[in-house]
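Asks: I would like the atomic coordinates for the input below:
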Amino acid sequence: MAMDNDQAMVSVYEAVSLEKVRNIGIMAHIDAGKTTTSERILFYTGKTHKIGEVHDGSASMDFDPQEQKRGITIYSAATTCLWKGYRINLIDTPGHVDFTAEVERSLRVLDGAVCVLDGKNGVEPQTETVWRQADKYNIPRIVFVNKLDATGANFEMSVESIKQRLGGNGVAIAYPVGIEQSLLGLIDLVEMKAWLWDLDSKKASLMQPNIVDLDQVPSQYAHDIEQAHVYHTILLEQLANFDDEIMESVLEGKEPSVEAIKKAIRKATLASEIYPCIPGSAYKNKGVQYVLDSVRDYLPSPLDVKCAEGTDSEGNIVKCESDPNGPFVALAFKITTNQFGNLCFFRVYSGTLKAGSYVYNVRKGTKDRVSRLLLMNASSTESITECKAGEIAAAVGFSSTRTGDTIVGENDPRVTLESIKFADPVISEAIEPVSKHDQDKMTAALIKFTEEDPTFHYYTDEETGQGIIAGVGELQLDVNVTRLRNDYKIACKVGAPQVAYRETISKTADCEGKYIKQSGGHGQYGHVVFKMEPNPGKGIEFVDAITGGIIPKEYIKPSLDGLKDAMERGMVAGYPVIDVKATLIDGSYHDVDSSEAAYKLASAQALKAAAEKCDPVILEPIVKADITTPIDYVGTVMGDISSRRGSVIGMVQKANAQVISATIPLANMFGYISDLRSMTQGRGIYNMEFDHYQEVPRSVQEEIIKKRG
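Replies: Numbering: from 1, shown residues only. I've put the predicted structure just below:
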C-alpha cells in the first residue's frame, strides 16, 4: 500500500507544469516563528494530518534531536507540498547566526522567500543578515508579520521597520482584524474582503477562513475597517508607480479590477520593487492560508527568474535555460548523511535527471551513478524516477560531490555554475577524544561534519599536534561536539575557545634570506631578497621581479612557495600572515649547490627578517554586534561595550527597547549572553557576525605572544 501511495504522489508531482512550481524558503530572525509557519503550511496543504509544535518537540521540520531539545532550527529542512494545483518546494532555514551557512546555500538555489517577522519587534538583527543574503541573490520576497496575537504586537510598526531597517519597500496587501488577544483575522486589501477565523486557536486550525464582505465584520472592529480602506489606497498608490494600468485608474478615480491589482503586485514583487506584507499568527492558525495564496500569486516560478549562467572550459558564458529537454545542469547545495549513506541535495537548472543514470562532477572530474532520486519531506523521503529543470531533489550515490559543485549529464557539455561562498571561521576549540582508541573514529566523524557544513573546519595544528575545530560561533561548535558524544558515542574533551588571530606587517623593508650549508661534498645554497610591503585588505600578493637570470627560473616558484608556507606558520605568534605584498627583487645562486629545497628555506629566512624589520602586528577578528536592551539598561550595556574595547556605531529605538550596534573584538565576546542577561534582568538579546580584522593594541599583542610562547 505504501508503494502505491508513493507512486500516486509521484504522478501528481509529475503532472504539475513548471509555471506552477514555487521554490521558496522561510527565513527570519531566531524565534520569529519560521518553523511554526512551516508546520502550518504542511498541515493546510495536507502534507501532515497533525500540527507539530516547536515548544513540545513535535515539529516535523525540526526532526533532529538537538533541534527538538534546544527548540531552535539548526539544519535547513526541505519538503514538497501541493496548494491549489501548485507544487511548493519549501525549505525552512535556521534563524540563529551560527547556522547562517544553511540560509546562504538555501537562498542560492531558491526563487522566492517568505520572510517572517515577529509582530512585537518588527525587523530584528538577524532579519537584516538574511535579508542581505536574499538581496545578494535577487530573491523576491513576501513578508509574513507573525505573532500579532501577542501582547505588544504592532502590524504597522513592523511594516514600517522594513523601510527603516532594511531600506525595503514593505507594502501591506492585507490588514489585521483585531490585535493581540482579539486577533480575529485579516482584511484582504486586494479584494477588500475579510478573512475571519474563530478566536479559539484550536477551532481555527480545523477550519478554512470565513470570507465575508466588510459590512459583516463585527462592529467592535470598525477601526480596523477604516484603516483597511486607508491601506488599500496606499497599496494602489504604490502600485501606480510600477504599473500604467493602475496609474490610469488612480488618476481617473476609478477602482482597478482585482485581476489588475494582482497582476501589478506580482510584477512589482518579482522586480523587488515592493515586498507584500501579510498579518497573522501562525501559532493561532490565522493568516497562513493567505500566505500560501500569496506564494502562488506573487512569488516566481522557475520560468520567471533570470536563467542560471555558467562558464564552459574556455571561460565563455553559458545560459542554462529552464528547459526539461536541455542538457542536464544542476548545483549541489547541501550534503548530509542518513541511513542510505551520503545524500546530496541539488537544484536542477536545465535538463532532466533520471534515476539509474550517470552524472559528471565538473570540479572533481569524476562520474557517479544516481542510485536513487528522492523528494525530501524533512526526515522522510519519497522515491521518484526523474527530476526536471526548476525542481529541487536529493540523490543517493554522489560519493565525491561537495557543497557548491556543478553536476552535469554524463555526455552533456561541461558547464560550471558559480559556487557558493561561505563565511570564514572566527572561533576555534582544541578537541581530543578521552580514549586514544577513538581518535580515528572521531576524525572520521569530524571530517563528515565539514562536508555537511562548509563553515565548520577540522584540522591538526602542525606545531602543537592538537586537533582543532573551528566555526562561526560557539553554538555551532557546541552542537557538533554534542553530535560526537550523543550520535557517535565518542567521549571527547574540548579546550577553551581560541580566536583566529592573523598577522601582518606595518612597514616596508627589503628582507634577505640565505640558506647556505656545506657538509663536505654537495652542499645547499639558496639566496633571495623580498621587498615586503603592507597590503591592507588585499590579501597576499606575490610578485616576481627578477631580471637578468640572477635567480634561475626553476627556483622562482620554490622561492615563492617557501615564503607562502612560512606565512602560514606566522612571524611572531604562529598565526597565518595576511595582507602582505612580497616582491622577489634580488638574490643569487650557486651552479652546483642550489636546489629547490634551499630556496624554500631561504624564503623562510626572509620572513624571519621581515619579523625584525617590518614591524609585524597581530590582527584580531572584530564582530559587529546588534544588542537589543530595554531602555533602562542602555547606559550599563554601553559601559560594558567600552570595557570590552568595543565601539558603538549606531543606535535605533524600537518601542521600549534600544538596539545598539557596536564593533567589538571577538576575543571579548565569549560568554557574552550570560553577562548581557545579568545586566538586563534577562531581557537583553544580541546577535553578531564577523565584520573585519583589526590591529590589536600593543599591550594585548604582548600578552598573545607571551601565551603562544
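Asks: so where's the stretch 301-450 of the chain shaky on pLDDT?
Replies: Counting by pLDDT under 70, the stretch 301-450 of the chain contains low-confidence residues at 338-341, 378-380, 426.
Asks: low pLDDT regions in the stretch 101-250 of the chain?
Replies: Applying pLDDT under 70 to the stretch 101-250 of the chain picks out residues 101, 201, 204-207.
Asks: next, count neighbours for residue 627.
Replies: 27 (other Cβ atoms under 10 Å). (C-beta placed from N, C-alpha, C; glycine too.)
Asks: immediately after the helix or strand hosting it, which helix or strand?
Replies: If you go by DSSP states H and E, residue 627 is part of strand 616-630. Heading C-terminal from strand 616-630, the first helix or strand you meet, by DSSP H and E, is helix 634-643.
Asks: tell me the contacts of residue 624?
Replies: 649, 661-663, 688-691 (Cβ atoms under 8 Å, 6 or more residues apart in numbering).
Asks: now the residue nearest to residue 249 when sequence neighbours are not counted: how far from residue 233?
Replies: Closest residue to residue 249 apart from its sequence neighbours, by Cβ to Cβ, 6 or more residues apart in numbering: residue 256 at 4.2 Å. Going from residue 256 to residue 233 by Cβ to Cβ, to the nearest Å gives 12 Å.
Asks: between those two, who's got more neighbours?
Replies: Set residue 256 next to residue 233 and count neighbours by other Cβ under 10 Å: residue 256 wins out with 21 against 12.
Asks: assign residue 573 to helix, strand or coil.
Replies: On the three-state scheme (DSSP: H, G, I helix; E, B strand; the rest coil), residue 573 is labelled coil.
Asks: confirm for me that it is in contact with residue 702.
Replies: No - the pair residue 573 and residue 702 fails to qualify as a contact (Cβ atoms under 8 Å) at a distance of 10.2 Å.
Asks: these two - which one has more neighbours?
Replies: residue 573 (16 against 12).
Asks: ok, now which ones touch the residue nearest to residue 249?
Replies: With Cβ under 8 Å, 6+ apart, residue 256 has these contacts: 236, 245-246, 249-250, 264.
Asks: out of those residues, which sit inside helices?
Replies: Among these, the ones falling in helices (DSSP state H) are 236, 245-246, 249-250, 264.
Asks: contacts made by stretch 674-685 with the rest, please.
Replies: Contacts of stretch 674-685 (Cβ under 8 Å, 6+ apart): 627-630, 633, 636-637, 640, 686.
Asks: average pLDDT for that stretch, rounded please.
Replies: Per-residue pLDDT values over stretch 674-685 give a mean of 78.
Asks: okay, the residue nearest to residue 249: pLDDT?
Replies: The model's pLDDT for residue 256 equals 95.
Asks: buried stuff in stretch 167-180?
Replies: Across stretch 167-180, burial judged by 16 or more other Cβ atoms under 10 Å covers 168-180.
Asks: that older thread, just among the contacts of stretch 674-685, which is most surrounded?
Replies: Busiest of those [other Cβ under 10 Å] is residue 627, holding 27 neighbours.
Asks: hang on, it packs against residue 637?
Replies: Yes - the criterion here is Cβ under 8 Å, and residue 627 meets it with residue 637 at 6.1 Å.
Asks: any shared contact partners between these two?
Replies: Here residue 627 and residue 637 share the contacting residues 660, 676, 684, scored by Cβ under 8 Å, 6+ apart.
Asks: from the residues you listed, which land in strands?
Replies: Among the shared contacts of residue 627 and residue 637, the members falling in strands are residue 660 (criterion: DSSP state E).
Asks: can you list the shared contacts of residue 627 and residue 637 in CSV and add distance to residue 139?
Replies: CSV is the format used below for those (distance: Cβ to Cβ, whole Å):
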residue, distance to residue 139
660, 29
676, 32
684, 31
